[in-house]
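Asker: Let's see this in three dimensions:
(chains A and B)
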Amino acid sequence: MEAIIFYAAALAAVASALVAVAHRNPVVNVLALIVTFFCVAVNFALLGADFLAGAQVLIYAGAILVLFLFVVMLLGAPTVSGEDNPRPIQKTLGTFLVALVAAAGFFFFRSFSHTGLVHPDFGNTTLALGRLLVGPHLFAFELVSVVLLSALIGALVLVKRKH
Amino acid sequence: MVPIGHYLVLASVLFAIGAGGVLLRRNGIATLLGIELMLNAANLVFVAFSKQHGSLEGQVVVFFVMAVAAAEVAVGLALLVAIFRRLQSIDVDRLSAMRW
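Answerer: Numbers count the residues shown, from 1 in each chain, chains lettered A, B, ... in the order given. So this is what the prediction gives:
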């Protein structure tokens, strides 16, 4: 049962990710990426990360991609002409990198295909994650709030109209 | 029981698709979407190995990646809006003012 859900989610994730980067319409790109992120959330849930599965849906699919959609609508769904014939350097670099990552994936598959996920479920991870965040990772946790504040101020400064 | 190698292969494929999107598209929005996809592939590897080792530290890292990704998207989209106002286009190939 777990395997069926995993392979269905993996197939949907790869198909929607391909649509998300290959389609020429930015609105379709963003909506396809929402499907991909939902499939990644399904994988998180299968791996026992219940809090992260919820956060994935709320933060990524809910907040970040809606922000993308908002900007796409604000700019009037801009498309770029001449994308159908990429530069030679783009083709070479893209093919090389995709081949490299495919080789890495094959290596992972060889190394770990017999390693089962032996550990039992974490149970409810929310409490344990919260204890880790305000315990050993307290400094990083506070630093993230500074990063978010500076990003907020930076975004406001960048889009401010000058008179 | 799905072996961990299958999760890693899925993450590699998603990362390759995202990297291909960043390298092959000239639309600024598509470039940012490719970056988001690569971050998600990395998150998937973190969660898979967190399960493998029975430790929650990997999930803490994923939490921080999500927070930093939110900040990155806010700044990136603000940059795109500013670029669109100046050039009336989000073709990243036209950003050549600082080219040597």
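Asker: Now residue 39: which helix or strand?
Answerer: As the question left the chain open, I've gone with chain A. Using DSSP states H and E, the element containing A:Cys39 is helix A:26-46.
Asker: That was the other one, I meant chain B.
Answerer: Secondary structure assigned from DSSP H and E places B:Leu39 in helix B:28-53.
Asker: Counting by contacts, list what that helix packs against.
Answerer: Contact analysis of helix B:28-53 by 3 or more Cβ pairs under 8 Å, 6 or more residues apart in numbering or on different chains; DSSP states H and E lists helix A:2-22, helix A:26-46, helix A:65-74, helix B:4-24, helix B:57-87 as its packing neighbours. The way it works is simple: take the backbone N, C-alpha and C, and place the C-beta from them, glycine included.
Asker: can you do 6 Å?
Answerer: Judged by 3 or more Cβ pairs under 6 Å, 6 or more residues apart in numbering or on different chains; DSSP states H and E, the packing partners of helix B:28-53 are helix A:2-22, helix A:26-46, helix B:4-24, helix B:57-87.
Asker: what angle separates it from helix A:26-46?
Answerer: Inter-element angle recorded for helix B:28-53 and helix A:26-46: 10 degrees (by axes from the mean of the first three to the mean of the last three Cα atoms, to 10 degrees).
Asker: Mind checking the pLDDT average for helix B:28-53?
Answerer: With pLDDT averaged residue by residue, helix B:28-53 scores 91.
Asker: May I see the buried residues of that helix?
Answerer: Judged by neighbour count (16 or more other Cβ atoms under 10 Å in any protein chain shown), helix B:28-53 contains these buried residues: B:28-52.
Asker: Next, the angle helix A:65-74 makes with that helix.
Answerer: With the same axes, to 10 degrees as the criterion, the two stretches helix B:28-53 and helix A:65-74 enclose an angle of 170 degrees.
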